[in-house]
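# Turn this into a model:
(2 chains)
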Amino acid sequence: MLLNRNRDTGSALVSLHQACIGYPSAPDTHIGPLNLRVLPGDKIALTGGNGAGKSLLLKTLSGQVSLIRGSLDRGTSRYLFLAQEHPRPALWPLNGWDWMNIFVGAKASECRLSAGLLGKRLDTLSGGQWQRVRLAAALASEPDLLLLDEPTNHLDEAGKRDLVAELSQLPEACALLITTHDDELVEGLPLTACPMQRLMESINNVG
Amino acid sequence: MLDSFWLWPFLSGLGASILLGLAGASLFMRSASVQGLAIAQGAAAGGILAAALALPILPVAFLLAGGIYWWIQYAVRLKPERILLIFLLGGALINALLANTAHLHTSADRWLAGDIYYVARSDALWLLILGGLTLVLAPLLRKVWQQSQLAPDCYGPPLTVLQRLPEALWLLCVVVLSSYLLGLPASLFLLLFPAWLSAYWSRGLSSFLCWSISLGVLLFLMAWFTALWLDQPFAPVLILGGCACFLWGYAVYRLTALVRAYFR
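Prediction:
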């Protein structure tokens, strides 16, 4: 997981070294330097207050935001990033099956998260239903590394239970990096909580 | 109305309406329909500029339209309002050229009013080749269009410029060739209208693409035969007829809804 003396062997799915992360529009307000190393099978919950940089870190790992300094190595792993919000166009003529097809091609099938939703147009789904479809597609794609930014957003209690059930069935080798303020999710899964602050402290620890 | 004299113009129009329906759907899905307007206007401005400078028409039209497409899509990623400004600039360039160059009217007529009934066999063949290419590229085009829906989510590294290049070139070819053959107003209408209308009732991506193509073909056939029958120019008949059909259909739909609500 973290750049840590006990676990720095084996090939990392993604690693950050001495990385300063920030938005290009405001490079002076960057976060870091920080180190992170995610190994196959890691299940990590990034925690921290609002503005701690959790979403920014996931966006950086997925390549959507460039590093200000330091290095990022993603290797050849298949990774999937689910953003905190995915705004939908007012008129969007795609249905749930089309969305699943993007991730898993013709193998798409329903799971408990997406039950009864895949035949519907995406612009007619409620916020919670849309989140269910996104999560179902992400989990069905079986990536090596799953980056989920606040995945319980818009989900009701049943949705959260379904998500916990689906996440606990992830293949053992699949690494999970999640940001959340939802204690139930952290408690319901074998996640290692990792405060953002610790990623920066790891610089000093490892030296 | 469909003897040997009309065969190539008819096939060209039919092919262009199919391709524009498909291209329009792809632009609509990306909320990028205004890009299509700017590219087509750029092609028209390029074609007329080429005529003014006695250069080959289509290559210059491709270059200018391609330059505009690259600029708004890849170089600076312009917002729609600014893309519309480019559209207006293209219109201004065309008008300025027309006002200051005496011999341009024939060439300008081809781009601005359309010349579908006088399309030559050689021009039509280019479009047929593009149609064949579309079939070959279909899986790749679909993949690019699907990937374009993902953001802000992300699955693996984003497609590189090189991976997106065939789709971009395909779109450029469709818009430029169709504008050249059908004229700017007709091609813009077939680029925007069928996709927009289809988006209301399609129930998925395949259905959306099929409806967009089918509506484009239907509108073309309606305009082709009506314009010949009434001895009117093609583009105005296409646009006026298409809008009239839409308004009539919408009025019937609203009236039916009102009647149902009244008797419920």
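
# Skipping adjacent residues, who's closest to B:Gly216 in space?
Residue nearest to B:Gly216 in three dimensions, not counting chain neighbours: B:Gly21, with 3.2 Å by Cβ to Cβ, 6 or more residues apart in numbering or on different chains. (Glycine included, C-beta is placed from N, CA and C.)

# my read: the one you found touches B:Trp196, true?
No - B:Gly21 lies out of contact with B:Trp196 (Cβ atoms under 8 Å); the separation is 11.2 Å.

# who's more crowded, those two?
B:Gly21 (27 against 17; other Cβ atoms under 10 Å in any protein chain shown).

# what about that one, which SS state?
helix (DSSP: H, G, I helix; E, B strand; the rest coil).

# give the contact list for it.
B:Leu190, B:Pro194, B:Ala195, B:Ser212, B:Ile213, B:Ser214, B:Leu215, B:Gly216, B:Val217 (Cβ atoms under 8 Å, 6 or more residues apart in numbering or on different chains).

# Is there a neighbour count for the second one? I'd like the number.
This means B:Pro194. Number of residues near B:Pro194 (other Cβ under 10 Å) recorded here: 28.

# That one and B:Ala168: what is the separation?
21 Å (Cβ to Cβ, to the nearest Å).

# ok, B:Gly67 to chain A distance?
Remark: distance between B:Gly67 and chain A (Cβ to the nearest Cβ, to the nearest Å) = 26 Å.

# whoops, I mixed them up, B:Trp170
20 Å.

# For that residue, which non-adjacent residue is spatially closest?
B:Leu137 (6.0 Å).

# Got the confidence number for the one you found?
Note on B:Leu137: pLDDT of 93.

# Dig out what A:Ser71 forms beta bridges with.
A:Ser71 has these beta-bridge partners by DSSP bridges: A:His17.

# quick one, what contacts it?
A:Ser71 touches A:Leu16, A:His17, A:Gln18, A:Ala19, counting by Cβ under 8 Å, 6+ apart.

# Phi, psi for the last one please.
Listed backbone geometry of A:Ala19 is phi -90, psi 130, with angles given as degrees, to the nearest 10.

# residues contacting it?
Listed by Cβ under 8 Å, 6+ apart, the contact set of A:Ala19 reads A:Gly32, A:Pro33, A:Leu34, A:Asn35, A:Leu36, A:Thr60, A:Leu67, A:Arg69, A:Gly70, A:Ser71, A:Leu72.

# Next to chain A, which bits of chain B? Give me the list.
B:29, B:31, B:146-147, B:149-150, B:152-158, B:196, B:198-200, B:202-205, B:207-208 (Cβ under 8 Å from any Cβ of the partner chain).

# Now with 10 Å, please.
Counting by Cβ under 10 Å from any Cβ of the partner chain, the residues of chain B close to chain A are B:25, B:28-31, B:142-143, B:145-158, B:195-196, B:198-209, B:211-212.

# hang on, B:Arg30 packs against A:Pro89?
Yes - with contact defined as Cβ atoms under 10 Å, B:Arg30 reaches A:Pro89; the gap is 9.4 Å.

# Mind listing the shared neighbours of those two?
Both B:Arg30 and A:Pro89 are contacted by B:Gln149, under the criterion Cβ atoms under 10 Å, 6 or more residues apart in numbering or on different chains.

# before we move on, what SS does the closest residue to A:Ser62 other than its chain neighbours have?
The shortest distance from A:Ser62 to any non-neighbouring residue, by Cβ to Cβ, 6+ apart, is to A:Phe81 (3.5 Å). The three-state label given to A:Phe81 by three-state DSSP is strand.

# my guess is A:Phe81 contacts A:Leu177, does it?
Yes - here A:Phe81 reaches A:Leu177: they are 9.3 Å apart, a contact under Cβ under 10 Å.

# Compare the two and say which is more crowded by neighbours.
Neighbours of A:Phe81 and A:Leu177, each counted by other Cβ under 10 Å, are more numerous for A:Leu177; the result is 27 against 24.

# any idea which element that one lies in?
Secondary structure from DSSP states H and E places A:Leu177 in strand A:175-179.

# So which elements touch that strand?
The criterion is 3 or more Cβ pairs under 10 Å, 6 or more residues apart in numbering or on different chains; DSSP states H and E, and the helices and strands that strand A:175-179 contacts are strand A:31-38, strand A:43-47, helix A:54-61, strand A:79-82, strand A:145-149.

# ok, then the element right after the fourth one?
In the C-terminal direction, the helix or strand that comes right after strand A:79-82 (DSSP H and E) is helix A:96-104.
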